[in-house]
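>>> Any chance you can model this:
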Amino acid sequence: MIRPLATDRLRLAPTTPAHLPFLVRLDSDPEVLRHILGRARTEQEATEFWAPQLPGPMWVGSVDDEPVGWWALWPREGGTAELGYRLARRWWRQGLAVEGARAVLAEGFGDASLQVVRAETMVVNAGSRGVMRRLGMREVLVEVREWEDPLPGAELGEVVSEITRQDWLSTLS
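Here you go, the predicted model:
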């Protein structure tokens with residue numbers, strides 16, 4: 001069961017179908033999806049992508065009742081999970097990505113079975129890489145993958161970052 005979370009500035013609500021219009025709007029910004037699709041999703045594409053995932057292991061974060069982005073912690077095999085986040089461009093470079101991700105990591109690592117959280121992004125995505133560093137994540141791998149229709153910068157690869165339970169706990173002291 002996903003529970004609501006809060007930080008100094010954010011209220012993170014578990015996703016529900018009521019969040020679908022916000023998720024569709026967020027994915028309509030080509031800059032938000034520049035390092036994911038290289039373009040905006042159409043309304044139909046975004047609806048078809050998000051509708052089956054709601055509710056899910058995700059939160060929509062709001063500042064003063066205005067949705068600003070989403071954060072997710074998708075369970076994987078062997079005591080691992082994948083961290084994801086996406087913010088509306090208006091809210092970039094204000095520390096909210098890190099703030100929301102810290103709350104999600106704290107919630108995830110509250111479960112003793114979670115041992116490692118990973119996240120990945122393109123090497124050229126300096127903003128997301130900075131968020132991961134500020135969370136205490138280490139870059140553990142760069143993979144150059146083959147893509148049918150590669151985005152600019154794909155030839156430099158994807159960075160996989162991770163933080164272990166032990167590393168996370170050491171950041172709390």
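
>>> Let me know the average pLDDT across the longest helix along the chain.
Identified as the longest helix of the chain according to DSSP state H is helix 96-109. Throughout helix 96-109, pLDDT has a mean value of 96.

>>> Next SSE downstream of that helix?
Downstream of helix 96-109, the first helix or strand assigned by DSSP states H and E is strand 116-122.

>>> related to what we said a few turns ago, identify the residues contacting the longest helix of the chain?
3, 5-10, 12, 59, 61, 63, 68-69, 71-73, 81, 83, 85, 87, 114, 117, 127-128, 131, 134-135, 163, 165, 168-169 (CB atoms under 8 Å, 6 or more residues apart in numbering). C-beta here means a position set from N, CA and C on the backbone, and glycine is covered the same way.

>>> how much space between residue 14 and residue 83?
16 Å (CB to CB, to the nearest Å).

>>> again with residue 157
For residue 157, the distance to residue 83 (CB to CB) stands at 19 Å.

>>> cool, and residue 156?
According to CB to CB, residue 156 and residue 83 sit 21 Å apart.

>>> So for these two, which sits in the more crowded spot?
Neighbour count, other CB atoms under 10 Å: between residue 156 and residue 83, residue 83 has more, with 23 against 12.

>>> If you drop the residues flanking it in sequence, what lies closest to that one?
Using CB to CB, 6 or more residues apart in numbering and skipping residues adjacent in sequence, the residue nearest residue 83 is residue 119, 4.3 Å away.

>>> Next up, the contacts around residue 24.
41, 43, 46-47, 50.

>>> Tell me where the protein has helices.
Secondary structure of the chain (DSSP H): helices at 20-26, 43-50, 96-109, 126-134, 165-171.
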